[in-house]
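>>> From the sequence below, what's the structure:
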Amino acid sequence: MTKLRVLLIKTGRYLLPVLFLFVFLINISFGTVYVSPIKAIKLINSDSPESYMLWHLRLPRVLMATLTGSALALVGNIFQAIMKNPLVDPYLIGTSAGASFGALLGIYFIVNSIAHVSIPTMSFIFAVVASMLAIALARKGNIVPTVHLVLSGVLVSTMFSAGSMLLLNIANRSLVTGHVWLFGSFSGITFTDIVLPAISLTTLAVLSMMMSRQLDAMVLGEKEAKSLGVNVELLKWLFYLLGAFVTAAFVSKTGIIGFVGLIVPHMARTLAGPKHRNNIVATILLGGMLMSICDTLARTLLNPVEIPVGIITSLIGAPFMFVLLKLKNGNKNF
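Residues are numbered from 1 along each chain as shown. Below is the predicted model:
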């Protein structure tokens, strides 16, 4: 490890939390109406329309964007470690495809007056179903081979994606909102929407920190991890199921948002090093910052028109991932 890398890791531990708070405040300030951070603090106890807009409309949106970025990045980090694959993301096991199908099915029911259902609930149910189905298909006894899980994830994703396309074609123009949902949006988020996703993220973050040494061992390979006393199958089952649940909890509220869970873990390992005890914290902070910035750009660039946030993350993430892969070429720790 070079001296520059060591210096970067040491300074990053102290600078990232400060930068995280700064970015959070800046994102609250920007919108259709700009409110400086100092004025925002003064408006906390105010009854003005500006205060309501800031603390009851903009704050939950920025908070949800931050938590979503942290969650997708953390799940991506853990999945990459368990599968020893730097190109794994949270949607690998079919979660996004199931969530998409559930949301579109819910929209179809509502616009055709078949049944009045909750779109986020339908999305969550099918996201969990798709994830469990992928894990069940990959299972061999009490073992879930990584290769089998990847293949079953592709199979499940293809099946639910086909169902989504069928719904879009049958409904024609009545599912215009479905197209927007497929690219992700934080519009209309309330504090109530945040509760379950926040609890699921906190649970995953605490467990991953507690089991950071086991995750470090998994990066070496399953055989090496077993020789170090790690219960590999239990670890995989635990994080596959919990990762799928966390992803489903967020995707059901926000829609499909790509690249964050793929690129942020690489950024975190670059800044904080390969040890999970350090890079998990960096992943949470960087993921939250990146997503909240992308959402701010989505709602301000073409104001008053809002761009789906998934488009912004893709435009930033694709070239950034290319640069990261070039810089990390030959690095065995991803």
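>>> centroid residue for this protein?
residue 72 (1.9 Å; C-alpha atoms, centre = their mean).
>>> Tell me the predicted confidence for the residue lying closest to residue 196 once chain neighbours are set aside.
Residue nearest to residue 196 in three dimensions, not counting chain neighbours: residue 249, with 5.4 Å by C-beta to C-beta, 6 or more residues apart in numbering. (Glycine included, C-beta is placed from N, CA and C.) Looking at residue 249, its pLDDT reads 92.
>>> all strands in this protein, in order from the N-terminus.
Applying DSSP state E to the chain gives no strands.
>>> Tell me how many other residues crowd the residue nearest to the residue nearest to the centre of the chain when sequence neighbours are not counted.
In this structure, residue 72 finds its nearest non-sequential neighbour in residue 261, 3.9 Å apart by C-beta to C-beta, 6+ apart. Residue 261 sits with 30 neighbouring residues when counted by other C-beta atoms under 10 Å.
>>> So residue 261 sits against residue 90, correct?
Yes - Residue 261 lies in contact with residue 90 (C-beta atoms under 8 Å); the separation is 4.1 Å.
>>> Quick check: neighbours shared by the two?
Common neighbours of residue 261 and residue 90 (criterion: C-beta atoms under 8 Å, 6 or more residues apart in numbering): 72, 75-76.
>>> Go through the residues you listed and say which is closest to residue 256.
residue 72 (10.4 Å; C-beta to C-beta).
>>> who touches the closest residue to residue 76 other than its chain neighbours in this structure?
Setting aside the residues directly before and after it, residue 76 is nearest to residue 261 in space (C-beta to C-beta, 6+ apart), at 3.2 Å. By C-beta under 8 Å, 6+ apart, residue 261 lies in contact with 72-73, 75-76, 89-91, 287.
>>> Just send those back as JSON lines, with distance to residue 113 and pLDDT too.
Output for these, formatted as JSON lines (distance: C-beta to C-beta, whole Å; pLDDT from 0 to 100):
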{"residue": "72", "distance to residue 113": "34", "pLDDT": "96"}
{"residue": "73", "distance to residue 113": "40", "pLDDT": "96"}
{"residue": "75", "distance to residue 113": "37", "pLDDT": "95"}
{"residue": "76", "distance to residue 113": "39", "pLDDT": "95"}
{"residue": "89", "distance to residue 113": "37", "pLDDT": "89"}
{"residue": "90", "distance to residue 113": "34", "pLDDT": "90"}
{"residue": "91", "distance to residue 113": "32", "pLDDT": "89"}
{"residue": "287", "distance to residue 113": "40", "pLDDT": "96"}
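>>> can you put those residues in TSV and add distance to residue 38?
As requested, the contacts of residue 261 are exported to TSV (distance: C-beta to C-beta, whole Å):
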residue	distance to residue 38
72	32
73	30
75	36
76	36
89	39
90	37
91	40
287	27
